[in-house]
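>>> Pasting the sequence and the predicted coordinates here, then a few questions.
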Amino acid sequence: MRKSNKKNELLSLRNTLREESKDTANNVFMTDSKIRAIDFDNVKLCYSKIYIPSEEGIHSVDSILYGKDYSNNDLKEYFIEFKNGDFHTKEILEKAKDSLLIMGDLENRTISYTRKNAVFMLVYNEKVKQPASRDYIHVHGIHDRAHKKYAPFGLTPLFLYFSDVLVKTADEFDFFMRKI
């Protein structure tokens, strides 16, 4: 399969955010949004089958959505990971990095490109997982006054690859989706 055909086929794998947010173990949806996004778990599955016999050890975010930047009208790529249950920071960091590598190959992009044009977003269930108290302090403005980038749950290293790192509850995500 030629690279341009592969790219077109893989990036055409789409689903609603509602379906992408489904926690299959508990049959729960984290959003009811009907907005269609790239089904990046499926992209990863198909991509890995092209190059290796198994997807084991390869991780991916749930969705990639193109939309307006929340602070201006620039077009951004949102790498979205939904977590209804407990999670570990290492798992989220691996999903983000592997997704960047796959998308970089498909779209012939560098980290410099994603650092300007891509946003990582974690959507989590606040009833299951709460940010640490230091995260709460940072989220509520102290990091703004220090002019330093900070993301809860230990996701700050993702600023190396993304223009922004957003952490939203399911309700905050639904409100955010109305703005982009």
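That came through, no problem. Numbering: from 1, shown residues only.

>>> From now on I want contacts and neighbour counts done on CA atoms only, so please keep to that.
Will do.

>>> Go through the longest strand seen in the chain and flag the buried ones.
Determined from DSSP state E, the single longest strand within the chain is strand 75-83. Using 16 or more other CA atoms under 10 Å as the test for burial, strand 75-83 gives 76-83.

>>> Could I get those in TSV, plus columns for pLDDT and distance to residue 152?
Shown next, in TSV, are the buried residues of strand 75-83 (pLDDT from 0 to 100; distance: CA to CA, whole Å):
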residue	pLDDT	distance to residue 152
76	93	21
77	95	20
78	97	17
79	98	16
80	98	15
81	98	14
82	98	15
83	96	14
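
>>> Make a markdown table out of those and add distance to residue 49.
Converted to a markdown table, the buried residues of strand 75-83 look like this (distance: CA to CA, whole Å):
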| residue | distance to residue 49 |
| --- | --- |
| 76 | 28 |
| 77 | 24 |
| 78 | 24 |
| 79 | 22 |
| 80 | 22 |
| 81 | 22 |
| 82 | 24 |
| 83 | 25 |
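
>>> Which of these sits closest to residue 118?
residue 77 (4.6 Å; CA to CA).

>>> Which strand residues bridge the closest one?
Listed by DSSP bridges, the beta-bridge partners for residue 77 are residue 66, residue 118.

>>> got the contact list for it?
Residue 77 makes contact with 64-67, 117-119, according to CA atoms under 8 Å, 6 or more residues apart in numbering.

>>> What's the ChimeraX line that selects buried ones from the residues you listed?
Once 16+ other CA under 10 Å is used to decide burial, the buried members of the contacts of residue 77 can be selected in ChimeraX as follows:
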select :64,65,66,117,118,119
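
>>> Start from the N-terminal end of this protein and give the helices.
3-11, 17-20, 40-51, 89-107, 111-117, 133-137, 143-146, 170-177 (DSSP state H).

>>> Pick the most deeply packed of the ones you listed.
Each of the helices of the chain was scored by mean neighbour count; the highest is helix 17-20, a mean of 22, by mean count of other CA atoms under 10 Å.
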